[in-house]
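# only geometry, no sequence info:
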């Protein structure tokens, strides 16, 4: 009988000598010392012995020593030798496994002779353990060798057929591990004599199996991964190696994220194979027993554990649902990642753990209550403190809706939660809420049409039918009777599934399934008959479903104002998902969705490409159809309901779609079928144009934009008519040239009644026409210049490409030579200069005139300027002032000299004009002037910003628009008056506030965010303005929120701290500290704050300032690591201590000041007392006698006063603190005596006047003595 084999700690331990008679390597051979031919012969000999002899030959000492030597030097073997050795060992173990079952039969056949059977069992056990040990060590050694070399030495896979003995390690590895897994699944109790195998055997296998799980490359092989999962599951479940396996599993999950799904597969596979969930239960309880604070410290481990729980719940929902109680307490932990995972677990359980219909009634009731408790937790978690958890809960609800796991009774609660989360402060939560509403609409159980009116009409009809079926039923809503889950209980306490005809709580087709399959067609019928859905209970259930559907429709419809706000969000995801939700709302005919979709059109001007693409896709989906006629109708209806801004957006997006080919020629032709050329003339210039002048303007624009071909068709058919209409329009506005000269003469002569013969309205039209003609002349000059420049650049491009620009086809060599000479002589630049000079002269001739003889417009310019300066006349005729100032602004845009001469007039009018229309027009004109003549307008920048304070909403709005345009397009530098724009963030008009927010949002995208540089200056100026505290806080919070870079935030910490040193006002201290509290602090930022303590230590005495610093500390503690957290706590103690000391110092200083005031009052009293004594002495000198009572009173007063004064002096030097009782004593007594002294002074006041000089000298002597 061979010695027993005991699993060693490692392979080299087999070479040690043991006294317990175990099998070990006595004569190992060093393989590395052999030649390759000798190694091959050696391997062949071992393989021959293993295959030729019995299976138990491996326990022979000679064979064991040789096999051990090959395993020890396995890395030195050639692929062929490795293959032969591994195949020999693997085949022997695979043959050995069936023989184990034969041992039971051998035991029964040889009951009378047990010794040979025991020997056979021992030999089987020895061989089994040796083969297992050697094969697993081969796997571990080869994987370690591959990892160390970073590349395999095995033959790469190819499509060619390999020889039978080619070494393919991936295949051999999976075969070995699957064989080990199979060996664990046989009845090993026959070998080991008990239900559980040897502890060393299990420990060796499990330890090496878990070590292989650490290799991500190895797990990519599905066969290998499955074998390892079987090994782990079998050892932990079948052989009760649970505690050790759980510890290793949790260790791997904490350390490696790629093992999560594989471990879940192993645990689930063990439960399925052996119908034993002990491993999963043990894992869940271990996770539940973990201190929640540990997950806060190990965020990566918390995330991995959470993912593992979700995967496990997906595979074993029923098992997890019975043990969920140990995990629920972790909802109160600080780790949001664990809460996220628990939310996901609950979602998996609700969807999968309660689907079976088998079981007893009592168990069903328990399951129903458990499911309801889980749903309540999910609803509660929608208000979690962490935005990530709130977002995850909404995602879980969306998954449940998609899987039809939300009942009708709970549907509206979820919809209300989702609608509320649309206003969440976190963008990820808003995104999840929008997606949830989209999913709820798509999978709603109420039908494909959710019009409120339809539901109300149908509900009313079925309520009447219900009342007829049950006249004694109460009239209140039956919605409370609707089940909260898919199951409900009948009268006997049994649980039954409600599936009435036409009412399905789990619709199979989400878009077409309806709780009213036959009712929708009957809504429009005049009679009140409705389809019969069955008995009383079914009708009651249908009414409850209709009420629920009506609530859902109203809930979604109520979100429309919020969705309009979200389309103006700075987050692109908000805008994109809002558009998707509105599209879904329109599909289900939600009330108000079409009006909200119109608000989407201006977003086509967004600079964010994703937003533009979302709008474009939505426009194509909603309004464009395959049928051109339907498309034309949709576009016409859209244009009819649009305002001016929407029309501009519509024009832009249609132009883009036409250029891309999405709007085809057939669609355009269908549009012309609705509206032809004659309609433009008849309607645009007909009687409706007199009622609405914009109609004529639009008709003119339409005629201008006709293609050349369409213009020819129009002129050929209605040419004379069109020109006649246009001529009449102009003649109705036009005045003769002499008319302007008469007006000029009237102004020069000072006649005051010239307007009595010339109506103000006609003069206004005259000024409009003159300015409009002048402006169009400027436009024509600029178009000619652009045309010349375009031709020139085209010619240069053609020459550069080597093309012939001459019509006779000569080579371009001469042209190239001429251009080269011109470039050397600078003639090319001179051509541009000549062109600029000509354009300037042409522009100057419009208004000023290049010759002594001025044209009509030149004569009108001085007249116009003089007219606009006549303020009394302008105030008398507001319409004339509006036209006159508009014409003046257009003349100023044309000519620089005229602009410079009238800038003062323009700013005077824009500030003092009583008409807000005039001020608005002038404000807009200032923007055009700043673009055309920036140097002239630069000194007036402050005046332009002043328009932001105008009392008129229209003027402020135009000022915001003009300044935004100038600054964002780099036409005006951001001056030191940007605080005026910041104040508009809190404007009383919501549109102005939104425009200001949009301006700062776009400004933050330019360069390195100019708001970062402007913020300290804005803070300083706003803190000095008389702003409400709440308004200031909102403004600074918005501005600081636009700064995203950590480096800028860190620099702002230092800048704001430095501002404390130069400020003494308490309000400014509060403002600066508030801004500090709004910064997003990083680790560096906190260090800078702590390092700058000296700059703000003097402001810590204020309670409001300390509150802001406490907010900073509380926020920093949330993200700080252990080391930084200790520093923050020390900093908190430091500022708290400093705050208390400062408060005590302030109190001491205040008490000292009060004490000093009381001391001063005592000194004043002493002066009064000395005056009284002098008066008394003078009376004695003159009268010769003194009243005894008066003398005693004065002496007593003198003694008490001196005592009090000396005590107060000593107290003031000893301590600066004075109690209220002491202060009362010091003040009260002198006041009493002072009154007495005053009475004495009154009696003898006549002597006081005579001896004023003596009294003064006496007072000085008395004070010197007291000092």
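Everything's here; your move. Nothing here was measured: the structure is a model prediction, and the numbers come from that model. Numbers count the residues shown, from 1 in each chain.
# right, and residue 386 touches residue 336 too?
Yes - Residue 386 is in contact with residue 336 according to Cβ atoms under 8 Å; the separation is 3.7 Å. Heads up, the C-betas are built off the backbone N, CA and C, glycines and all.
# neighbour count for the two, which is higher?
Neighbours per residue, other Cβ atoms under 10 Å: of residue 386 and residue 336, the larger number sits with residue 336, 21 against 17.
# I'd say residue 717 and residue 676 touch.
No - no contact is recorded between residue 717 and residue 676 when judged using Cβ under 8 Å, the distance being 10.2 Å.
# residue 775 versus residue 864, what's the distance?
Noted for residue 864: a distance of 14 Å to residue 775, by Cβ to Cβ, to the nearest Å.
# between these two, which one's more packed in?
Set residue 864 next to residue 775 and count neighbours by other Cβ under 10 Å: residue 864 wins out with 25 against 16.
# so who does that one touch?
The contact partners of residue 864, taken as Cβ atoms under 8 Å, 6 or more residues apart in numbering, are 767, 770, 884, 887, 888, 891.
# compare those residues and tell me which is most surrounded.
Neighbours here are counted as other Cβ under 10 Å. On that basis the top member of these is residue 767, with 28 neighbours.
# list the buried ones in stretch 27-37?
For stretch 27-37, the buried set under the neighbour-count rule, 16 or more other Cβ atoms under 10 Å, comprises 28, 31, 34.
# quickly name whichever of those residues is closest to residue 429.
Proximity of those to residue 429, judged by Cβ to Cβ, is greatest for residue 31, which lies at 64.7 Å.
# can you list phi and psi of the nearest residue to the closest one once chain neighbours are set aside for me?
Nearest non-adjacent residue to residue 31, counting by Cβ to Cβ, 6 or more residues apart in numbering: residue 73, 3.0 Å away. Backbone torsions of residue 73, given as degrees, to the nearest 10, read phi -100, psi 30.
# pretty sure residue 73 sits against residue 33.
No - the pair residue 73 and residue 33 fails to qualify as a contact (Cβ under 8 Å) at a distance of 9.3 Å.
# any idea how far residue 234 is from residue 227?
Counting by Cβ to Cβ, the separation of residue 227 from residue 234 is 11 Å.
# what sits in contact with each of those two?
Here residue 227 and residue 234 have residue 181 as joint contacts, going by Cβ under 8 Å, 6+ apart.
# check contacts around the residue nearest to residue 31.
Contacts for residue 73 (Cβ under 8 Å, 6+ apart) come out as 30, 31, 32.
# check residue 699 too.
When the contact criterion is Cβ under 8 Å, 6+ apart, the partners of residue 699 are 680, 681, 683, 684, 685, 689.
# least confident pick among those?
Taking the contacts of residue 699 together, the minimum pLDDT is found at residue 689 (73).
# wait, residue 874 touches residue 868, no?
Yes - counting by Cβ under 8 Å, residue 868 is a contact partner of residue 874 at 6.9 Å.
# so what sits against both of those two?
A shared contact of residue 874 and residue 868, defined by Cβ under 8 Å, 6+ apart, is any residue touching both; here these are 881, 884.
# please report how far the residue nearest to residue 289 when sequence neighbours are not counted lies from residue 284.
Setting aside the residues directly before and after it, residue 289 is nearest to residue 326 in space (Cβ to Cβ, 6+ apart), at 7.5 Å. The span separating residue 326 from residue 284 equals 6 Å under the rule Cβ to Cβ.
# more neighbours: which of these two?
When neighbours are counted by other Cβ under 10 Å, residue 326 and residue 284 differ, and residue 284 comes out ahead with 26 against 14.
# the more buried one in helix, strand or coil?
On the three-state scheme (DSSP: H, G, I helix; E, B strand; the rest coil), residue 284 is labelled helix.
# tell me the confidence at the closest residue to it other than its chain neighbours?
For residue 284, the nearest residue in space outside its immediate sequence neighbours is residue 323; the separation is 4.7 Å by Cβ to Cβ, 6+ apart. If you check residue 323, the pLDDT there is 89.
# what does residue 563 give?
Model confidence at residue 563, expressed as pLDDT, equals 94.
# list the contacts for the residue nearest to residue 289?
Taking Cβ under 8 Å, 6+ apart as the test, what residue 326 contacts is 284, 285, 287, 288, 289.
# which SSE is the fourth one in?
Yep, that's residue 288 we're talking about. Under the assignment given by DSSP states H and E, the secondary-structure element containing residue 288 is helix 278-289.
# report all helices and strands that the longest helix along the chain contacts.
Taking DSSP state H as the assignment, the helix of the chain that covers the most residues is helix 1122-1183. Helix 1122-1183 makes packing contacts with helix 1083-1091, helix 1103-1119, helix 1188-1214, helix 1220-1243, helix 1245-1250, helix 1252-1266 when contacts are defined by 3 or more Cβ pairs under 8 Å, 6 or more residues apart in numbering; DSSP states H and E.
# report the buried residues of the second one.
Of all the residues in helix 1103-1119, those buried under the rule 16+ other Cβ under 10 Å are 1105, 1106, 1108, 1109, 1112, 1113, 1115, 1116.
# thought residue 1069 was touching the third one, still the case?
No - in terms of Cβ under 8 Å, residue 1108 does not count as a neighbour of residue 1069; the distance is 9.5 Å.
# can you list the domains in the protein?
Following automatic domain parsing, the chain resolves into domains at 1-151+167-188, 398-518+533-557, 760-847, 1008-1120, 1155-1266.
# what's the least confident stretch among those?
Among the domains of the chain, domain 1155-1266 scores lowest, at a mean of 46.
# what's in contact with the helix holding residue 288?
Under the criterion Cβ under 8 Å, 6+ apart, residues 233, 236-237, 242-243, 245-246, 249-250, 267-268, 270-271, 305, 309, 312, 316, 319-320, 323, 326-327, 329-330 lie in contact with helix 278-289.
# hmm, try it at 7 Å
233, 236-237, 242, 245-246, 249-250, 267, 270-271, 305, 309, 312, 316, 319-320, 323, 326-327 (Cβ atoms under 7 Å, 6 or more residues apart in numbering).
# repeat that for stretch 892-900.
For stretch 892-900, contacts defined as Cβ under 7 Å, 6+ apart pick out 774-775, 778, 843-844, 846-848, 861, 891, 902, 906, 928-929, 932-933, 936.
# now the residue minimising distance to the centre of the chain: closest residue in space that isn't a chain neighbour?
The residue at the geometric middle of the chain, judged as the C-alpha nearest the mean C-alpha position with Cα atoms, centre = their mean, is residue 427 (3.4 Å). When the adjacent residues along the chain are set aside, residue 427 lies closest to residue 571, with 4.4 Å between them (Cβ to Cβ, 6+ apart).
# cool, residue 587 as well?
Using Cβ to Cβ, 6+ apart, the nearest residue to residue 587 is residue 441, at 7.8 Å.
# that neighbour reaches residue 588, doesn't it?
Yes - under the contact definition of Cβ atoms under 7 Å, residue 441 touches residue 588, with a separation of 5.4 Å.
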